[in-house]
Structures are given as C-alpha cells and as structure tokens.
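[1] What would the 3D arrangement of this be:
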Amino acid sequence: MNTPLKILVLATTGLLASCATPVAEVAKSTVAPSEWLDAKTGHVIVRLSKEAPTASMYFHQNGYTPDGKKLLIFTPQGMSTVNLQTRKIDLLVPGFRVISMSMSNGIEVSRKEPVVYYSENLNGQPVVIAMNMETHGWKQVAMLPMGASLGGISADDKTLMGIRNINGGKQIYTVDLATGTTKSFFPSDDGMSHDNLNHFECSPTDPNLMLFAHEGNWAQVDRIWTMHPDGTGLKLMHQRTMPNEIAGHEFFSRDGQWVYYDLQTPESGVFWIGGANVKTGEHIRYPIERSQWSVHYYVSWDGKKFLGDGGGPNSVANRDPVTNAHFDPPQNGQWIYLFTPTGEYTTMDVNGEKVKVGKLTVEKLADLSKHDYGNGEGSRVEPNSTFTPDDKWITFRSNMEGALNVYAVEVAKATPEEIKRIDAEWAAYKTATTSKTP
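    Okay, here's the model as predicted:
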C-alpha cells in the first residue's frame, strides 16, 4: 500500500508563556512576531501555523492529544501536529489531502493514546490507518464498507463508527477493531428518511453512545439523534415545537453528559444555545443576542464556559425572520466570543415541558471583522473554534490576514508582563526592519 501521509502537531497548553521569542532574536530578524494584542479586546492572539494554507479540524472532532500538548493540523506539506508548548510543527503524513472548510473530516485523535485515526483509499477500498503521533509508527487497522466514511473512534478505542452511502440512501456502520467485524444498520421503523444522515460523532466518554444528524432543511426536520452502536436506543434529543424552528451544529460536552446545539425559535428570530442531558432528558437554554449568534458554539473541557465564533453578513443572524432580507445596517457579529453561565436560572414552559433557562455573561476575545465567512459555498471558511484542554486558549482557523492560518486567542486578558513582552518584541522587529531598509 502507499506510505500514509504524515501529520503535524500543534500544542496548546502553556502556549505563549513557554515559547515566546526572545527580543534579542527578534531584533536579528525581519520576520514579524507571530503574536500580538487584539487592539479591540486586549487579548493575546498567536498565529500557530508557519505557512498558509494551514487548517485545523472541524469543531466537534477531537484534534488534541490526551496530554493536551499537541493539536492536529493540516499544512501545505500534509497532516501534521503543532506542539502547543514549543510551537514545533511535526509532519506526520506528507501530501495528505486538504480538509473541508465547512464539514466534518473523517479524522480523529484518540482520547486514550497519542494516536490519530484517518482513512485512505486503497484501490477503491476505504481503509483506516492508526498512526502514533509521537513515534510516527502506523498500521492499517480496518477496512471500511464500500461507500463508508470514518465518523470517529469510540471512547475506549475499540470501535470505529460512521456513515456509509448504500443503494441511494445512508446507513450507520461500526467496525470492531479486535475482530474486524463490520455491521451496517438503521432501524427500519424510525419514521425518518435515510438519504441524508450526517454530522456523526462518538461520545467522548461512553463507548456505547453515538450522535448523528438527520440532515436536510433544518426548519423541516428533527435533526439531533443519539443511538447505541448496536442500533438500539434511538433517541431524539430536541423536538421542534413551532414552524421554522431549527436546531443543529450539535456536539457532545467533554464529559459526555450533554448534547448542545444552535437553537433558533424560529430561524433568524430568537437565538439560544440549547442543551439536552443524554441520561435524564432535561433541556436547558441560554439566550444569545442576534449579534452574538455564531456558526458554531463549543463548550470548555470543565463544562463551565461556552465559545462562539461569530457569523458573516450572509448568516441567519443578519436576516429578517419574516422577509429573509438582510438587515441594513448589518446585525451580525464577527468575533470569537466567550459565554459564561452566571448560575442564575428560571424555567419556561415549552410544549408542556419545563425547560431550564440560564443567563450568560459575554466577552469578545478576538476581532474577526476581516475574516471572510463566505456565502454558503462549500469552500467557505468557518473558524471551527475549540478550547484547548487546559481551557486557557481557544484555537481557530481564519483567513483574517488574507491567507488561511491556525490561531489561538488567550481566554484571560493579557497581563502587564505579556503586554510589555509583546510590545518589546514588536518594537525590536520594527527597529530591525527599519535599520535594514536601504
């Protein structure tokens, strides 16, 4: 078989404090520093990538090694990692394909070992490779059913799962890595069409639970479902209660206890971060202002905060819910947001169910006013932000400097020491470039 493509590692823990470039070195170089203070928010931003185009993964797929030190990225050379402490980039799979800018990617890092699982096409047959992100040792671990794409690896690293195209429809499949046994299934009496299943995700903690979407027109389908890997336990996580209500871009909390999602009641009307408890069925909502609506939300590893990555002028936040016309002036917001629950809750009646309603404090972390979110095309760049495992940084991909790169913004405001160091580095750089000008 072909030699698998190698992967780069981007690490996020202790990102800035341990790897800042000494001012003396900056003074010798005409290369601009890779970190700066966001002028509008006062938070530190770091460009993690070394060259464009570089991308991180889709927001709900794990890209971090279990020790929190490395992040999976995709550079012009191939699949790589970046060490979040040293910022060293390590090429794992040369020539690996560029991943989608707006969809999940069929690649995932184990939550138990520093191993990345990814699929390749071998003579028309999809196969899955497991590569150690430290040693670069690799092996083929499974052959997938024809028409299958890798959705993820179970929390115990024993089962591959995903969705396959078959006979004009779609099925869910599993592969037992110990025996190679493959199963394809979907309940025949579930009442939903099977032509557009998508957005597959394995629970990060429960090997016996998966999450998937019944795609289609979000205003016409009940989208968010969980199921056991044997095909039992199909459960709708959010049921629509009004015309044009939508719920989507769902994801598991890091402890696997909740499924959170973008909720609009109706579409473009009232905005929420919605949540459903996978065990109790309890529902919760956090109201979001129109300007705070985001393409994707995500939750911190400790479960205490959420993030949002904003939306462009063609987003649902900038459309009138009745006429569908764009607002003038625009009402979308282009920021990396930090949402923190206050601990204050009330309840509201939703179709006979008492739903818990919380409050959020909101902080803008990074200015994305120069980020191009696209116009709905498949190549659009969604930031796909995630918290680093220590919850101190948020990583995201962006074209805010023109080309596509991977960045991190610090959750806490810059300290006086950080400000002094960064100002000194930029001053030294400007002095160096000025002195070298003919």
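[2] before we move on, what SS does Lys183 have?
    strand (DSSP: H, G, I helix; E, B strand; the rest coil).
[3] Name the nearest residue to it, ignoring sequence neighbours.
    The shortest distance from Lys183 to any non-neighbouring residue, by Cβ to Cβ, 6 or more residues apart in numbering, is to Thr174 (5.1 Å). In short, each C-beta sits where N, CA and C put it, glycine included.
[4] and that neighbour, what is it in contact with?
    Residues in contact with Thr174, defined by Cβ atoms under 8 Å, 6 or more residues apart in numbering, are 159-161, 182-183, 229-230.
[5] Nearest to Ser385, out of these: which one, please.
    Taking Cβ to Cβ as the measure, Ser385 sits nearest to Met161 out of the contacts of Thr174, at 24.7 Å.
[6] Am I right that that closest one is in a strand?
    Yes. Counting by three-state DSSP, Met161 is located in a strand.
[7] Quick one: end-to-end distance for stretch 139-148.
    Length of stretch 139-148, first residue to last, Cα to Cα, to the nearest Å: 19 Å.
[8] swap that for stretch 383-396, sorry
    First residue to last in stretch 383-396 (Cα to Cα) measures 5 Å.
[9] and that stretch, how far from the chain's centre?
    Mean-position distance between stretch 383-396 and its chain equals 9 Å (Cα atoms, centre = their mean, to the nearest Å).
[10] quick revisit: the residue nearest to Lys183: helix or strand, and which one exactly?
    strand 169-176 (DSSP states H and E).
[11] Buried residues, that strand. List them.
    Buried residues in strand 169-176, counting neighbours by 16 or more other Cβ atoms under 10 Å, are found at 170-175.
[12] right, and the pair among those residues with maximum separation?
    Farthest pair in the buried residues of strand 169-176, by Cβ to Cβ: Lys170 and Val175, 16.5 Å.
[13] Give me the distance from the helix or strand hosting Asp262 to the chain's centre.
    Using DSSP H and E, Asp262 sits in strand 258-264. With Cα atoms, centre = their mean as the basis, strand 258-264 stands 14 Å off its chain's centre.
[14] any idea which of the contacts of Thr174 has the most stuff around it?
    Ranked by neighbour count (other Cβ atoms under 10 Å), the contacts of Thr174 have Leu160 at the top, with 27 neighbours.
[15] Leaving aside the residues adjacent along the chain, what's closest to that one?
    Using Cβ to Cβ, 6+ apart, the closest residue to Leu160 is Val175 (4.2 Å).
[16] helices and strands of this structure: which one bottoms out on pLDDT?
    strand 8-10 (a mean of 29; mean pLDDT, DSSP states H and E).
[17] Could I get the full set of helices for the chain?
    23-27, 416-435 (DSSP state H).
[18] quick revisit: sheet-wise, list the partners of the strand holding Asp262 with their directions.
    strand 246-252 (antiparallel), strand 271-277 (antiparallel) (DSSP bridges).
[19] Of the ones you listed, which is nearest Met57?
    The nearest among the strands paired with strand 258-264, by Cβ to Cβ, is strand 246-252 at 12.8 Å.
[20] Quick one: residues in contact with the closest one.
    59-60, 199, 201, 203-204, 211, 213, 218-219, 223-224, 237-238, 240, 258-264, 266-267, 274, 295-299.
[21] try it again with 7 Å
    Under the contact criterion Cβ atoms under 7 Å, 6 or more residues apart in numbering, strand 246-252 has outside partners 59-60, 199, 201, 203-204, 211, 213, 218-219, 223-224, 238, 240, 259-264, 267, 274, 296, 298.
[22] Tell me which of those fall in strands.
    Residues of those located in strands (DSSP state E): 199, 201, 211, 213, 224, 259-264, 274, 298.
[23] quick one on the thing from earlier: do you know how far the residue nearest to Lys183 is from Pro207?
    11 Å (Cβ to Cβ, to the nearest Å).
[24] Next: Gly180.
    18 Å.
[25] go on, Ser291?
    40 Å.
[26] Does Met210 touch Pro229 like I think?
    Yes. Look at Met210 against Pro229 with Cβ atoms under 7 Å: they come within range, at 6.1 Å.
[27] shared neighbours, the two?
    In contact with both Met210 and Pro229: Met161, using Cβ under 7 Å, 6+ apart.
[28] pLDDT on stretch 412-421, on average?
    Averaging pLDDT along stretch 412-421 yields 97.
[29] let me redo that: stretch 398-407
    96.
[30] just stretch 265-285 next, same as before
    Mean predicted confidence for stretch 265-285 is 97.
[31] CA atoms of it as CSV?
    Only the C-alpha atoms of stretch 265-285 are listed here, as CSV (Å, rounded to 0.1, in the frame of the first residue of the first chain):
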residue,chain,number,x,y,z
THR,A,265,-37.2,29.8,17.6
PRO,A,266,-37.9,30.4,14.8
GLU,A,267,-35.0,30.5,12.3
SER,A,268,-33.4,34.0,12.3
GLY,A,269,-35.8,35.0,15.1
VAL,A,270,-34.8,34.2,18.7
PHE,A,271,-31.3,32.7,19.3
TRP,A,272,-30.2,30.2,22.0
ILE,A,273,-27.5,27.8,23.0
GLY,A,274,-29.7,24.7,23.6
GLY,A,275,-28.8,21.6,25.6
ALA,A,276,-30.2,18.2,26.3
ASN,A,277,-29.0,15.8,29.0
VAL,A,278,-28.2,12.4,27.4
LYS,A,279,-29.3,10.5,30.6
THR,A,280,-32.2,12.4,32.1
GLY,A,281,-33.6,14.2,29.0
GLU,A,282,-33.5,17.5,30.8
HIS,A,283,-33.4,20.5,28.5
ILE,A,284,-31.7,23.8,29.0
ARG,A,285,-31.4,27.1,27.0
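[32] Not counting that stretch itself, show me its contacts.
    By Cβ under 7 Å, 6+ apart, stretch 265-285 touches 209, 219, 226, 237-238, 242-247, 257-261, 263-264, 286-288, 290, 293, 297, 306, 316, 319-321, 353, 355-358.
[33] Narrow those residues to those that are buried.
    209, 226, 237-238, 244-247, 257-261, 263-264, 286, 288, 290, 293, 297, 306, 316, 319, 355, 357-358.
[34] Dump the strands paired with strand 258-264 to JSON lines, plus distance to Thr347.
    Formatted as JSON lines, these follow (distance: least, Cβ to Cβ, whole Å):
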{"stretch": "strand 246-252", "distance to Thr347": "19"}
{"stretch": "strand 271-277", "distance to Thr347": "14"}
